[in-house]
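Q: what shape does this take:
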Amino acid sequence: MTIVETSDAGFEPVRASLAEPRDFFALLKPRVMSLVVLTAITGMMLAPGHMDPTLAVISILAIALGAGASGSLNMWYDADIDRIMTRTAKRPVPSGRVTEDAALSLGIGLSILSVSMLGLAANWLAAAILAFTIFFYAVVYTMGLKRSTPQNIVIGGSAGAFPPMIGWACVTGSIGIESITLFLIIFLWTPPHFWALALFKMRDYEMVGVPMLPNVAGEKATRLQILVYSLLLVPVGVAPWALGFAGPVYGIASVILGANFLRLAWGVFRMADGDVAMKPAKRLFAFSILYLFALFVLLIGEGAFGGTALTLGSLL
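A: Below you'll find the model as predicted:
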């Protein structure tokens, strides 16, 4: 928010900002940033090779700042619709605590800083992927796909799936099948996660004209798509164990978590049209967050203890 004060000369008004440090931190979407950091660390820990601990910490910081840059640019561009939607009206820009110019400047500044830091601390392949991720989220998704197609989440979900690939590239300077698998887990997780949210927030999206799938194709089609993507996600979630770069603990846990994901997705599929409470969708949305965090925490845990991965070859 800004307040207008009269200058001593009595001429032009002086604008005094009421923004606090926490408001600028909120621009970075810290909850999204925490997922980015978690998945990037997973990619680093699973990658073969060694990285200097100091450079690894700097690299993680750079990736986090890159995620924050994306969030700030997203909030700058979406300020007009964020003011209308109940879920986003209290964000720093629509609430008036931070100006749109400040959000844009912060996003651009952090983009340049994060990519430069990562290139110098790790390598320029990792930096290039980070730069592409920021561009894809801020420009391709936020400015292009979000307001033009009901497949916005499917295509735009790629941006959130790149961090483990960036982490892997930091250590190896390359892209391996393992990092692609981690990418696919997040990519396939994104549609059922966000479409579950869209089901019980579709009035918000309808008010601002964002063509989310429930508003365009209807609830029934959305529930079917959630089930289809869940069926694709669960086996890919088990794939790290099947491919040999995760251990038996991860394998068992991913099967159990996946079975519950499918159970909840089936519950959403069986919902009646016009269900006001939307409890099945809310349950799936909440569990989907736990599901993704659990998978990557398990991968980090097994990687930290080393030698726990049970390769497919050793089973045959």
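Q: SS state for residue 274?
A: coil (DSSP: H, G, I helix; E, B strand; the rest coil).
Q: find the nearest non-adjacent residue to it, please.
A: Leaving aside its chain neighbours, residue 274 sits nearest to residue 219 (7.6 Å; criterion: Cβ to Cβ, 6 or more residues apart in numbering). Quick note: C-beta positions are derived from backbone N, CA and C, even for glycine.
Q: against residue 280, how distant is that neighbour?
A: Per Cβ to Cβ, to the nearest Å, residue 219 is found 12 Å from residue 280.
Q: mind listing the shared neighbours of those two?
A: Common contacts of residue 219 and residue 280, defined by Cβ atoms under 8 Å, 6 or more residues apart in numbering, comprise residue 271.
Q: the helices in the stretch 101-250 of the chain, which residues?
A: Using DSSP state H, counting those that start in this stretch, the helices of the stretch 101-250 of the chain run over 124-135, 152-161, 163-172, 177-200, 202-208, 213-216, 219-242, 248-269.
Q: buried ones in the fifth one?
A: By neighbour count on 16 or more other Cβ atoms under 10 Å, the buried set for helix 202-208 is 202, 204-205.
Q: so for that helix, mean pLDDT?
A: Within the predicted structure, the mean pLDDT of helix 202-208 is 87.
Q: elements contacting it?
A: Where contact means 3 or more Cβ pairs under 8 Å, 6 or more residues apart in numbering; DSSP states H and E, helix 202-208 is packed against helix 213-216.
Q: gap between the helix it packs on and the chain center?
A: Taking Cα atoms, centre = their mean, to the nearest Å, one finds helix 213-216 lying 21 Å from the centre of the chain it belongs to.
Q: give the rounded mean pLDDT of it.
A: Averaging pLDDT along helix 213-216 gives 92.
Q: stretch 233-249 now?
A: 96.
Q: how about it: buried residues?
A: Neighbour counts over stretch 233-249 (16+ other Cβ under 10 Å) mark 233-234, 236-241, 245-247 as buried.
Q: quick check: end-to-end length of it?
A: End-to-end distance of stretch 233-249: 19 Å, with Cα to Cα, to the nearest Å as the criterion.
Q: if we can go back for a sec, nearest to residue 274 among the buried residues of helix 202-208?
A: Nearest to residue 274, judged by Cβ to Cβ, of the buried residues of helix 202-208 is residue 202 at 11.5 Å.
Q: do you know how far the nearest residue to the closest one once chain neighbours are set aside is from residue 298?
A: Leaving out its chain neighbours, the residue that sits closest to residue 202 by Cβ to Cβ, 6+ apart is residue 214, at 4.4 Å. Counting by Cβ to Cβ, the separation of residue 214 from residue 298 is 32 Å.
Q: neighbour count winner among those two?
A: residue 214 (26 against 22; other Cβ atoms under 10 Å).
Q: surely residue 87 is within a strand?
A: No. Read with three-state DSSP, residue 87 is coil and lies in no strand.
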